[in-house]
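Engineer: Structure of the sequence below:
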Amino acid sequence: MGKKILTAEELAAELKLKPRTIRAWAQQKKIPSLRISPKVLRFDLDEVQRSLNSKFQIKTGKSTVLEKERGR
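Structural biologist: Down below sits the predicted model:
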């Protein structure tokens, strides 16, 4: 099975976020992205998920909260 390369819109749908958030995170280097041309940006789903998993931990309680890892 090959890599799953997605557009910002496709990645946003996978992560239940807005495409605007995906593009902002890519610009801020919060998630890895592939610059195909000056106007074309793509994302490797596996790499993005690994990146997010390493930066955030999931806490459970009354609701699920994503929180930056700071030893909490």
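Engineer: Regarding this protein, what is its longest helix?
Structural biologist: Counting residues, the longest helix in the chain under DSSP state H turns out to be helix 45-55.
Engineer: Buried residues in that helix, which are they?
Structural biologist: Within helix 45-55, the residues scored as buried using 16 or more other Cβ atoms under 10 Å are 48, 51. Every residue, glycine included, has its C-beta placed from N, CA and C.
Engineer: from now on call the first residue 643
Structural biologist: In the new count, where the first residue is 643, that last one comes out as helix 687-697.
Engineer: by contact count, what packs against that helix?
Structural biologist: Helices and strands touching helix 687-697, as assessed by 3 or more Cβ pairs under 8 Å, 6 or more residues apart in numbering; DSSP states H and E, comprise helix 650-657.
Engineer: which element follows the helix it packs on toward the C-terminus?
Structural biologist: Next helix or strand after helix 650-657 toward the C-terminus (DSSP states H and E): helix 661-669.
Engineer: Flag every buried residue along that next one.
Structural biologist: When burial is assessed from 16+ other Cβ under 10 Å, helix 661-669 yields the following buried residues: 664-665, 667-668.
Engineer: What average pLDDT does whichever helix or strand comes after that helix get?
Structural biologist: Using DSSP H and E, the next helix or strand after helix 661-669 towards the C-terminus is strand 676-679. Strand 676-679 shows an average pLDDT of 95 in the prediction.
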